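> sequence and predicted structure are below.
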Amino acid sequence: MPVRKKGNIKIQTSAKGTKSKSTGFNFYSYDKNSAALYFNFREENGEPTDLADATIRLVFVLNDEKITPKTDDIEIWLAVPGTARYIIPESMLGHEGKV
C-alpha cells in the first residue's frame, strides 16, 4: 500500500547527539501500512548529511515506554540529501509521543 500520510522531521546531527522532540503527528488505526515518518538529517552547518554508509537508530517514547525499531525497518530513502523513512507499525498507531 502506498504511503498516504507523511510526517516530516528535521534532525540536526552533532557530536552530542540530538534531543528528543515532540512531533505532534497523529496516526490512527485506519493509517495501517500507509503512514510513515520521514527524517531529514542535516549537518551542524545546515548542509545535507550523506546517509550512504550510515546506520540509523531511532528511539520512540510513547507514554513513557521506549520503542527502538530494528535498523532494518528504517529505510534510507535518499542517501543525499539525507532522508530516511520509517513506516509506522500497527503497534504504534493511535499513540502520541516523542522521537
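Perfect, thanks for sending it. Note that the structure is predicted; figures quoted are calculated from it, not measured.
> use CA for all of it now, contacts and neighbours both
OK.
> tell me which stretches of this protein form helices.
In the chain, no helices are defined using DSSP state H.
> got any ranges where it has weak pLDDT?
Applying pLDDT under 70 to the chain picks out residues 1, 17-19, 95-99.
> which residues in it form strands?
Taking DSSP state E to define them, one finds strands in the chain at 5-12, 35-42, 60-62, 65-67, 74-78, 83-87, 97-98.
> and of the ones you listed, who's closest to T49?
Comparison of these against T49 by C-alpha to C-alpha identifies strand 35-42 as nearest, at 5.1 Å.
> residues in contact with that closest one?
The list of residues contacting strand 35-42 from outside it, by C-alpha atoms under 8 Å, 6 or more residues apart in numbering, reads 3-13, 27, 48-49, 81-88.
> can I get the CA coordinates of it in CSV?
This file holds the C-alpha atoms of strand 35-42, laid out as CSV (Å, rounded to 0.1, in the frame of the first residue of the first chain):
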residue,chain,number,x,y,z
ALA,A,35,1.7,6.2,7.3
ALA,A,36,5.4,7.0,7.6
LEU,A,37,7.8,9.3,9.3
TYR,A,38,10.5,10.9,7.0
PHE,A,39,13.6,12.0,8.8
ASN,A,40,15.7,14.8,7.1
PHE,A,41,19.2,14.7,8.5
ARG,A,42,21.4,17.9,8.3
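> angle of it against strand 74-78?
Angle of strand 35-42 versus strand 74-78, following axes from the mean of the first three to the mean of the last three C-alpha atoms, to 10 degrees, is 60 degrees.
> how close does the residue lying closest to E43 once chain neighbours are set aside get to E65?
Using C-alpha to C-alpha, 6 or more residues apart in numbering and skipping the chain neighbours, the partner closest in space to E43 is T13 (5.1 Å). From T13 across to E65, the span is 24 Å (C-alpha to C-alpha, to the nearest Å).
> out of these two, which sits in the busier spot?
Neighbours of T13 and E65, each counted by other C-alpha atoms under 10 Å, are more numerous for T13; the result is 16 against 10.
> pretty sure the more buried one is in contact with E44, am I right?
Yes - T13 is within contact range of E44, at 5.9 Å (criterion: C-alpha atoms under 8 Å).
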